[in-house]
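Asks: the following block contains a protein sequence and its predicted model.
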Amino acid sequence: MTTVRPETTENIEPIPGRHNNQAILQVINEKILEKTDRRPFYIVNLNDIVNKHKHWVELMPRVKPFYAVKCNNTEPVVKTIAALGAGFDCSNSAEFQQVLTHGVGTDRIIYAHPCKDPQDIKRASEQGVDLMTFDNEYELVKVKNLYPDARLVLRIHPRVDKTRYTFGKMYGCALDQCNELIVRAKEMKLTVVGVSFHIGDTCFDSMAYQNTIRLCREIFDEAKAIGYNFSLLDIGGGFPGYAVKGKPTFADVAKDINTALDEYFPKEENVVVIAEPGTYYVQSAFTLALRVIGKRVLRSAASDMDHEQSFLYYLNDGIHGSFFFTVLVDKAIPGFRVIKDQKQMPVYQCTVWGPTLDPIDCLANDIQLPELDIGDWLYVPNMGAYTIVAVTSFNGTARPDLFYLASGEIPSEIGV
């Protein structure tokens, strides 16, 4: 059995066999019993990440994943993904320097930020991280002055209809300006090697990848007429981290991508295809456990009957902790699950708050929960993406503990 060593402030515990909900729930209960004053904590299933990687390789063998470090940069996660042979999507020098400490070669890194800090471009030059994105002429000027030998990838606006949020207003070259920008790069004698795009977070438009890959084909052809021979296509991120009923699964998305690649970028052209998954790799690997620290009862003005009452619960994690993206960005209701035995327990309308004095620290309104007591615990699965990286110290917000589980052997590399 091989385990990944954690950071000094974290713990790792091997669990034999395949991890499942019951095994994770058992560990949560064990951790709760160890301390009466425990702060919120995560149980992290590293084997889930390994299985996700294998699933990716099986369903999209032509597309090499470059993990988006910004999604979850905890050391055991980064080390595990590095050991699997994946690449890394880094958005600044702090991220690519972290990745390099795990023995990842610069050929496995893309500096995928279209508008980079000049200081970070200098550090990229010093480290030899030469593959990077751009989407405007000002960025070309920076690169020309600071890292003229860089290999550049043009980021474009995607063709997408349904996604929770996109980057269209923030990043990406408009399609009618791509030709002009490529010509400008040629005039500046810069090396442009390909095209990238990012559909957005968890795309629900089944045709988005196909439509945008077709557009990339057109840009490849236009670039050839200008004098470039593009060799890289970066299809970005936005891949689901777990199955949601009624929504496209990762298998559905992979099928659409494979179809588009076969049509517009056939294998014989030898175009390297990469992607930037983040949520896909880590979302289902993290389960958050948190405690009820306060409680209020609200009753209807017209009746004091028990069935008319509702409850307000205050938890020891909130939007200034693990729930910033879930609640404020994704506008989603956390999937709270109660640890105590709920058999034949009535449920009530409840409002759930975080631990701070911030009036917007509300995690859920009017959700159904049984009556809980102060000190009771809840847990929330699928909390690995954009959670621990967003924790702040506002109002004394406690940073959750992290307990890592590993089972089976993590191979030194799996070819992708």
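Replies: Received, thanks. Just so you know, these numbers come straight off a predicted model, no measurement behind them.

Asks: surely residue 118 and residue 147 touch.
Replies: No - using Cβ atoms under 8 Å as the test, residue 118 is too far from residue 147 to be in contact (9.8 Å). Quick note: C-beta positions are derived from backbone N, CA and C, even for glycine.

Asks: grab the nearest non-local neighbour of residue 184.
Replies: residue 137 (5.6 Å; Cβ to Cβ, 6 or more residues apart in numbering).

Asks: surely the one you found touches residue 181?
Replies: Yes - assessed by Cβ under 8 Å, residue 137 is found in contact with residue 181 at 6.5 Å.

Asks: neighbour count winner among these two?
Replies: More crowded of residue 137 and residue 181, by other Cβ atoms under 10 Å: residue 181, with 20 against 15.

Asks: name the element the more buried one belongs to?
Replies: Using DSSP states H and E, residue 181 falls within helix 178-187.

Asks: check residue 258 too.
Replies: Assessed by DSSP H and E, residue 258 sits inside helix 250-264.

Asks: list the buried residues of that helix.
Replies: Buried positions in helix 250-264, judged by neighbour count with 16 or more other Cβ atoms under 10 Å: 250, 253, 254, 255, 256, 257, 258, 260, 261, 264.

Asks: pLDDT wise, what is the fourth one at?
Replies: Yep, that's residue 255 we're talking about. Residue 255 is assigned 94 on the pLDDT scale.

Asks: any idea how far it lies from residue 200?
Replies: Distance, residue 255 to residue 200, by Cβ to Cβ, to the nearest Å: 19 Å.

Asks: please apply the same query to residue 179.
Replies: Per Cβ to Cβ, residue 179 is found 24 Å from residue 200.

Asks: so how far is stretch 104-120 from its chain's centroid?
Replies: 18 Å (Cα atoms, centre = their mean, to the nearest Å).

Asks: wait, what's in contact with residue 293?
Replies: Applying Cβ atoms under 8 Å, 6 or more residues apart in numbering, we find residue 293 in contact with 314, 315, 316, 355, 374.

Asks: wait, is it part of a strand?
Replies: Yes - counting by DSSP: H, G, I helix; E, B strand; the rest coil, residue 293 is part of a strand.

Asks: need the pLDDT of residue 246.
Replies: We have a pLDDT of 80 for residue 246.

Asks: that one: what secondary structure?
Replies: Under three-state DSSP, residue 246 comes out as coil.

Asks: looking at the contacts of residue 293, which are in strands?
Replies: Judged by DSSP state E, strands contain the following of these: 314, 315.

Asks: nearest to residue 241, of the contacts of residue 293?
Replies: residue 315 (22.7 Å; Cβ to Cβ).

Asks: state the number of residues packed around that closest one.
Replies: Neighbour count of residue 315, defined by other Cβ under 10 Å: 24.

Asks: just to check, it is in contact with residue 289?
Replies: No - between residue 315 and residue 289 there is no contact under Cβ under 8 Å: 10.5 Å.

Asks: who touches both of those two?
Replies: Common neighbours of residue 315 and residue 289 are listed as 40, 378 (criterion: Cβ under 8 Å, 6+ apart).

Asks: now do the contacts for residue 96.
Replies: 88, 90, 109, 111, 124, 127, 129.

Asks: try 7 Å this time
Replies: Residue 96 makes contact with 90, 109, 111, 127, 129, according to Cβ atoms under 7 Å, 6 or more residues apart in numbering.

Asks: list the beta-bridge partners for the nearest residue to it once chain neighbours are set aside.
Replies: Spatially, and ignoring its direct neighbours in sequence, residue 96 is nearest to residue 90 (4.0 Å; Cβ to Cβ, 6+ apart). For residue 90, the beta-bridge partners under DSSP bridges are residue 111.

Asks: ok, residue 90 - contacts?
Replies: Applying Cβ under 7 Å, 6+ apart to residue 90 gives the contacts 69, 96, 99, 109, 111, 112.

Asks: could you report the distance from it to residue 400?
Replies: 24 Å.

Asks: break this protein into its domains for me.
Replies: Domain ranges of the chain: 11-44+283-406, 47-282, per automatic domain parsing.

Asks: next, the distance between the ends of the last one.
Replies: To tie it back to what came earlier, the one meant is domain 47-282. 11 Å (Cα to Cα, to the nearest Å).

Asks: and it, how far out from the chain middle?
Replies: For domain 47-282, the distance to the chain centre is 14 Å (Cα atoms, centre = their mean).
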